[in-house]
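Novice: what's the 3D shape of this:
(chains A, B, C, D, E, F, G and H)
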Number of protein chains: 8
Amino acid sequence: MEREALRALLDQVRRGEVEPDDALARLAALPYVETPNARVDTHRALRIGLPEVVLGTGKTAAQIAEIAGALRAAGQTVLATRVAPDVAEAVAARLPEADYDAAGRLLWLGPAEVPIVGKGTIAVVTAGTADLPVAHEAIGVARRFGNKVEVVVDVGVAGLHRLLAALPVLREARVVIAVAGMEGALPSVVGGLVDRPVIAVPTSVGYGVSQGGFVALLGMLASCAANVSVVNIDNGFGAAYVATLANRL
Amino acid sequence: MEREALRALLDQVRRGEVEPDDALARLAALPYVETPNARVDTHRALRIGLPEVVLGTGKTAAQIAEIAGALRAAGQTVLATRVAPDVAEAVAARLPEADYDAAGRLLWLGPAEVPIVGKGTIAVVTAGTADLPVAHEAIGVARRFGNKVEVVVDVGVAGLHRLLAALPVLREARVVIAVAGMEGALPSVVGGLVDRPVIAVPTSVGYGVSQGGFVALLGMLASCAANVSVVNIDNGFGAAYVATLANRL
Amino acid sequence: MEREALRALLDQVRRGEVEPDDALARLAALPYVETPNARVDTHRALRIGLPEVVLGTGKTAAQIAEIAGALRAAGQTVLATRVAPDVAEAVAARLPEADYDAAGRLLWLGPAEVPIVGKGTIAVVTAGTADLPVAHEAIGVARRFGNKVEVVVDVGVAGLHRLLAALPVLREARVVIAVAGMEGALPSVVGGLVDRPVIAVPTSVGYGVSQGGFVALLGMLASCAANVSVVNIDNGFGAAYVATLANRL
Amino acid sequence: MEREALRALLDQVRRGEVEPDDALARLAALPYVETPNARVDTHRALRIGLPEVVLGTGKTAAQIAEIAGALRAAGQTVLATRVAPDVAEAVAARLPEADYDAAGRLLWLGPAEVPIVGKGTIAVVTAGTADLPVAHEAIGVARRFGNKVEVVVDVGVAGLHRLLAALPVLREARVVIAVAGMEGALPSVVGGLVDRPVIAVPTSVGYGVSQGGFVALLGMLASCAANVSVVNIDNGFGAAYVATLANRL
Amino acid sequence: MEREALRALLDQVRRGEVEPDDALARLAALPYVETPNARVDTHRALRIGLPEVVLGTGKTAAQIAEIAGALRAAGQTVLATRVAPDVAEAVAARLPEADYDAAGRLLWLGPAEVPIVGKGTIAVVTAGTADLPVAHEAIGVARRFGNKVEVVVDVGVAGLHRLLAALPVLREARVVIAVAGMEGALPSVVGGLVDRPVIAVPTSVGYGVSQGGFVALLGMLASCAANVSVVNIDNGFGAAYVATLANRL
Amino acid sequence: MEREALRALLDQVRRGEVEPDDALARLAALPYVETPNARVDTHRALRIGLPEVVLGTGKTAAQIAEIAGALRAAGQTVLATRVAPDVAEAVAARLPEADYDAAGRLLWLGPAEVPIVGKGTIAVVTAGTADLPVAHEAIGVARRFGNKVEVVVDVGVAGLHRLLAALPVLREARVVIAVAGMEGALPSVVGGLVDRPVIAVPTSVGYGVSQGGFVALLGMLASCAANVSVVNIDNGFGAAYVATLANRL
Amino acid sequence: MEREALRALLDQVRRGEVEPDDALARLAALPYVETPNARVDTHRALRIGLPEVVLGTGKTAAQIAEIAGALRAAGQTVLATRVAPDVAEAVAARLPEADYDAAGRLLWLGPAEVPIVGKGTIAVVTAGTADLPVAHEAIGVARRFGNKVEVVVDVGVAGLHRLLAALPVLREARVVIAVAGMEGALPSVVGGLVDRPVIAVPTSVGYGVSQGGFVALLGMLASCAANVSVVNIDNGFGAAYVATLANRL
Amino acid sequence: MEREALRALLDQVRRGEVEPDDALARLAALPYVETPNARVDTHRALRIGLPEVVLGTGKTAAQIAEIAGALRAAGQTVLATRVAPDVAEAVAARLPEADYDAAGRLLWLGPAEVPIVGKGTIAVVTAGTADLPVAHEAIGVARRFGNKVEVVVDVGVAGLHRLLAALPVLREARVVIAVAGMEGALPSVVGGLVDRPVIAVPTSVGYGVSQGGFVALLGMLASCAANVSVVNIDNGFGAAYVATLANRL
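Specialist: Below you'll find the model as predicted:
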């Protein structure tokens, strides 16, 4: 990997500036930050200027603080997702600079302001009020990743005129993130109304058959709109990540 | 059951016109037609004036002919569903009056014309061309059951203006049957546009996750439109049956 | 949509009474009530005289109060479903007129008495005692929607004579709502005994394979009775909504 | 195992009539018939006087003939289940005594008449005509196992009076086998009407959600009737086997 | 139903001893006990001398006490299953005679001693220690139903000699109940070792793929031993009920 | 929709150049091509210059020819997907200009050469040889949609050096389509190696648990690489569509 | 079983040193420790020198203490898995020698030091930090079973260079245990990099589709690397057991 | 990867014997054979002396011949799995040296005799006759990989004495492959009887719930025997591969 770095290294070996054994060690030492319980891949973030992201699910507050602290010590900006309020509090007790976005359950350790680097707007649209927590994850991440974000809430397909009233916002976006639970039909309808990539996020909102989000997920995958691609249930972060990359194209 | 008939029977017993043992036999003898391989319940049909319906799935041509013949001999009109063309041919070889509707895979033994007894129109709307076979089952059954039927084809939700152009037809219907495969979002959108009961029919049309119709089925059950109820996958017959009863209310 | 309103608007534009840009804005402004976290579609309710319905699942007490308050301010009657007791209490602390039906988990903001507008009776029948919470949702909604409701409890199919004793009530109903968990066989048997539409509601009651309600749901969809259509698991509200529309036909 | 045989063997060892090594070999040599492709357990059949049963699924005609021939050579009666007509023909070409029951797909190599040894009657009842193939497997096996069998066909729960007319037959049976596809509600209703063990056999009959028989299976397991136990989908043989053992109690 | 009772009634009608309208009322009044929230079918229990059984799942203590009290008032013995300790305590506060079996979660209102009426022994065998709660439900119910019960614990198939040591108990039983979680292989092995009906009870014991009991359930249904039939997951009660009926044959 | 067109229409109404009723009709008449069995939405294609796409699944050759012929008559370019060879032949018999891509099962009616309008390269990478049919659908569609496409075949993750050798191609692409069956791990690994959006296409290739493609689908949705979004199983067309839109950003 | 022991026993019988009935009793008495709630199979452990293992899931502290105490009294070393902290505390209150490994949730009653008997090293590698609890179960068990263990943490496939840096450790291992949740791709990649058996352990780590561990499990089973075999979700114990046996080959 | 080769290469670069750009090219050029439709990883096989394996599923005869021919041309031995008879014939028409094992559906291009390099015996044991095709894949692969193989057929757990008779063979094996369909209990029982790693192969043999092999798979994963690990359904090849590696430890 890292073709240019590798070529430079090999040139150094050739000129005798680097011992082969040292070169070997360096090859196996692309940047990551190692802590007692993790090896955080800092390779990509360095290259494309995104903050490091730590998935909070399944990690204790101590582990999150350990990882975030090591990254901060290495000069990295850190964004932790899926951080419950009590965990956030415990992390902040150790790392006072931590800034918690309760709506999106995001913990941020970095500059208060992030410059806009995305080329256009990302629209985040939700089918219902109950989809807001997932939408807030997407919104918070997209903003921390340097995008301008527009939000349209509660425009489910059973009341089409609510959605049609929001069309101007959707049509001016460069990428659309559509968040929906229950039957997950929103991305199909939105996909038919805009000419941009639509990233569909199923949510675990609902009851009966829609509990857990599988119906929304499968409905989005089976969408009759061809400009729709899908991420994991409740994965607002992933949608924002993909949208960020598309918004930089 | 049959409160009045039972009371009459008991009166006859009381007056000594009927022996108790005979009464007992009669009680266990509400009308049905028995053949070597079936007992066809002719009770309801007699009462509400619908033809007898024979489900063709899993029956041989010989069995269908046996049952239909016995019913015809008993003076009943017969409608057989899910009859493959070769089975239809084999039945017709034995019962020449049989009239086959290839599009709906329906076999009919009865009068060529059925009078309209439904109070209004049943609209049958499909999301795609590939949903037509199921729609034709619903259309054929609804017509044989004495309903006026309007049909709107290929108005999937990814091209909303096609559906909006058909709104007048939908809004003038007394009951709507919405037939869709893939993500099954059509009933949700139709449900939001009309004030009538919408009977949703998922179809097994699709590939990948939507193969077999479960995604459409579950999406319809999870629908955010409250006026939608659902029948089994590919069950055009059932939708037409429910719609017929509603259209007679 | 709204053909007549649109025609009137266009006439006004033609006569120069309305500017085209204003017309455009109006077209995108069919009635809904917007709050910080929701856009409630008030379009249908206005037209057919039903109260607004807010699904409580996944909403905080603050959000429900925000939405209900805005609707009340706009002169709407409000019915909220799936409201837990503590949430109901918190909403009532903000909106004292709120009336809570604990059995059906329904919150009502509107006139104490609702006139009967349904043409006949809706019968609600349950297979077991444990199905009562879902039945109470259906009963409460149907009554708030202006229907006369009859209730038959605990007539599961393994003790048929209990059901047969209730036949007179079922046969006099215009629409039947059948609520059952476990194997969900009640609608099939009821469907065979009445000539009216039967709306089947599977419940999440049961253990082992029937936990969560999927067995009851699938059994109802596979029902051998043709007059049965199905709504989502535990969806007493949806059943009452469909029954209300059918009872007004 | 085989406590008495083992004790006898040990006695022989003690008396020096059998060498320990020979005893060891015998212990590992309880009766089975070994062929190139099978080891048929003849242990139980010998003891309880049932014919050997060979499951035809996944076996070639050559393998079935090989096994059946070896068993016949060892003096055993043989019953092969799930034998397709062409396989039966190929086996019969090698073993001319083979008698094929096409309705139950059973191949029989043994005496034409089997004496009745069951203490009472086994009733086999089916929900529909399409369940007949599975019922015929149960009927054929139960008769070959020495039971008196009564058959009631096509008494699905949506036409209850058909079932009630058959009650005398059901109530006189010692064990009931209830065969049903679709929603599989028949055993629940039958279970409520008789005081005997009901063995439920789900069939793969049906379409949409009921295709493959899982809905019927799960519905039977979730049955609200407590006297119902269940065997695998389409397993008429297993039901007949259990019923045979119960009928000998 | 109730052929003899019906005939007697009809005779009375014939002799003028009973008015037809009264007869009609009686026909719809086969015995059940009606309470505000339940209709308990007392028909079967009366006839075959078993106590009434109330399923505790999904019922409040108030409802259980209401039903049990009404049954006791009607002279019935009552057994309630799946009663949590706190619910049992609340019921006992209202009905002091209630006797709680904590291991089997059974509540009993009836005579302290139940006479043995089963013809032989029912063996209850479990694969592991963790299966004991389900086994205790089966054991407690079988004893309250008048059976002699033998118990063999923790003889899973990975340590066969433990099972072989218990063979004498299994072989002397008239019916065997085999209780197992995880892969549920115990009934297959037991089924191969005894010549009696084996009723398999899958338990929800296990983790990973076996969590919830579906693997054990499906494994038992797929069993290669033909004398095995299966009840719902954790359904110790149902197994004991079927075993009781078989033990009275 | 179509804000500008609508405003223009309203201006015409205002100036009296168009009658309100005509305006109403036009509003419901956004462009689509109606045939006996379909309503093809030509709205989007016109606007963004993509050919019309007809999904071949579930359509007869006659229906495809009917739709394609109507579109051609309306001056549209047509691309039909999932066209089996015999269907393609039958369509070509009616529409001789039809050009069939057997590897991708695509039927094309339009200019032989399509100009490149995508801004960069789309890389299509497959895990195995058996994934080629799906990849060819993506490749063929992407090329017909005016993209430069690079293809890398058979670089599954169990032989990483094959993938690493292809890194230069992947890193120069603007969008990557990763096609994989079995466990579907390729997109995760590719996603970690490039900084571009990766569109994952699960294939139905595999046996046992991976048969049908669900394991690959779910694995891709659960991917630990954040730049991955997913389309339906075997949906090479959808992946190419999303990639085309991204490649035009 | 136990060929040699059996032969010795039979020799004793032959020589009249053992009565046949006593021999019979001994045969049924291969070693196990019986307690009120369990029969612990001590047969294998004795033979191959592993400690006894008690699965803590579904057992009370009293039961674990009962079983462990009986085993200790019989001179056995005991390892209990899946023991929650409060249960461990309760057991230790009764058996003070109990040593609790909180990270692996393991309870140990035996010598503080276990000699190394495995021939080489077992490498335990995890995809993420959240997989550590399962890895710790494997690590703790493998060490208590006498293996040298190397641990590599957090080397998921989306950051390949982290994994490549750990290659020397993996390549020097005799057996590799790969622990991963989410899409479970780690074993496929590791399997391609080493020539040793890889035992894959799916974890229940993840959210959305990967919740519960089924996606990781299925992905590992579908792995394109042929040297991978799989154990149950979260089954670190089983992986360590298999690895121990392989490490002794 | 390939630490020593890499170090050697770097030494050459240092000494100026190799240009850095050439080194870079070589690094990306670990051995694989590229054909029009495949890149076969020859890296591992070269190193550990196993033949190349080509998975036949989803490949045409032309593709298999293309790949096998290229590998042969490169001096490799080739084993193709899951090759249907007609495909084998078509390949053999192009590559006459191809040797087809119809029972295992294996195609072999290499020396007629393979020397034994495994240290002990691999035992392959099947539950039934119908599991033979999968067993033959395992047997054929294990032999072509240089192992001594012992085979035990048809020893399902419902006839334990058949299995016990085969114990000597199982106990002398170094690794056991247990092949079973239906409920898949064989590996649990075998695992309890031997002290070696048991590799379980579920087969798709069975009907009803066991159709497709998922019940056997899940049962094996849930096995109460700790020395069992599992491969994909019908994956005889994978089991033989893992067993081969273990047999070389």
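Novice: pretty sure A:Gly156 contacts A:Leu186?
Specialist: Yes. With contacts counted by CB atoms under 8 Å, A:Gly156 reaches A:Leu186, the gap being 6.5 Å. Yep, even glycine has a C-beta here, placed from its N, CA and C like the rest.
Novice: count of residues packed around the spatially closest residue to A:Ser223 that is not a sequence neighbour?
Specialist: What sits nearest to A:Ser223 in space, not counting adjacent residues and going by CB to CB, 6 or more residues apart in numbering or on different chains, is A:Ser188, at 4.5 Å. The local packing of A:Ser188 (other CB atoms under 10 Å in any protein chain shown) involves 33 other residues.
Novice: please apply the same query to the one 4 residues further on.
Specialist: Here the number of neighbours of A:Gly192 (other CB under 10 Å) works out to 25.
Novice: I'd say it and B:Arg162 touch.
Specialist: No. With contact taken as CB under 8 Å, A:Gly192 and B:Arg162 are classed as non-touching, separated by 9.7 Å.
Novice: next, the buried residues of stretch A:109-129.
Specialist: Using 16 or more other CB atoms under 10 Å in any protein chain shown as the burial criterion, the residues of stretch A:109-129 that qualify are A:109-110, A:118, A:120-129.
Novice: list the contacts of the closest residue to chain E within chain A.
Specialist: Proximity of chain A to chain E (CB to the nearest CB) peaks at A:Gly212, 14.3 Å away. Contact partners of A:Gly212, counting by CB atoms under 8 Å, 6 or more residues apart in numbering or on different chains, are A:Ser204, A:Gly206, A:Ile233.
Novice: look up how far chain G lies from the second one.
Specialist: What it means is A:Gly206. A:Gly206 sits 14 Å away from chain G, taking CB to the nearest CB, to the nearest Å as the criterion.
Novice: same thing with A:Pro96?
Specialist: Applying CB to the nearest CB to A:Pro96 and chain G gives a distance of 23 Å.
Novice: for A:Val189, same thing?
Specialist: Relative to chain G, A:Val189 is positioned 23 Å away (CB to the nearest CB).
Novice: cool, A:Asp101 as well?
Specialist: On the measure of CB to the nearest CB, A:Asp101 and chain G end up 18 Å apart.
Novice: what's across from that residue in the sheet?
Specialist: Note on A:Asp101: beta-bridge partners A:Leu106, judged by DSSP bridges.
Novice: so it sits against A:Ile139, correct?
Specialist: No. A:Asp101 is beyond contact range of A:Ile139, at 9.1 Å (criterion: CB under 8 Å).
Novice: which one's more surrounded, these two?
Specialist: Regarding A:Asp101 and A:Ile139, a neighbour count based on other CB under 10 Å identifies A:Ile139 as having more, with 26 against 19.
Novice: wait, does the helix or strand containing the more buried one contact chain C?
Specialist: Assigning secondary structure by DSSP states H and E places A:Ile139 in helix A:132-144. Yes. Helix A:132-144 comes into contact with chain C when judged by CB under 8 Å from any CB of the partner chain, the residues involved being A:Leu132.
Novice: now do that helix: distance to the chain's middle.
Specialist: Between the centre of helix A:132-144 and the centre of its host chain there is 8 Å, according to CA atoms, centre = their mean, to the nearest Å.
Novice: ok, stretch A:192-199 next?
Specialist: For stretch A:192-199, the gap between its own C-alpha mean and the chain's C-alpha mean amounts to 19 Å (CA atoms, centre = their mean).
Novice: who in chain A is up against chain B?
Specialist: Residues of chain A lying close to chain B by CB under 8 Å from any CB are A:127-128, A:156-160, A:182-185, A:188-189, A:191-193, A:206, A:208-210, A:214-216, A:218-226.
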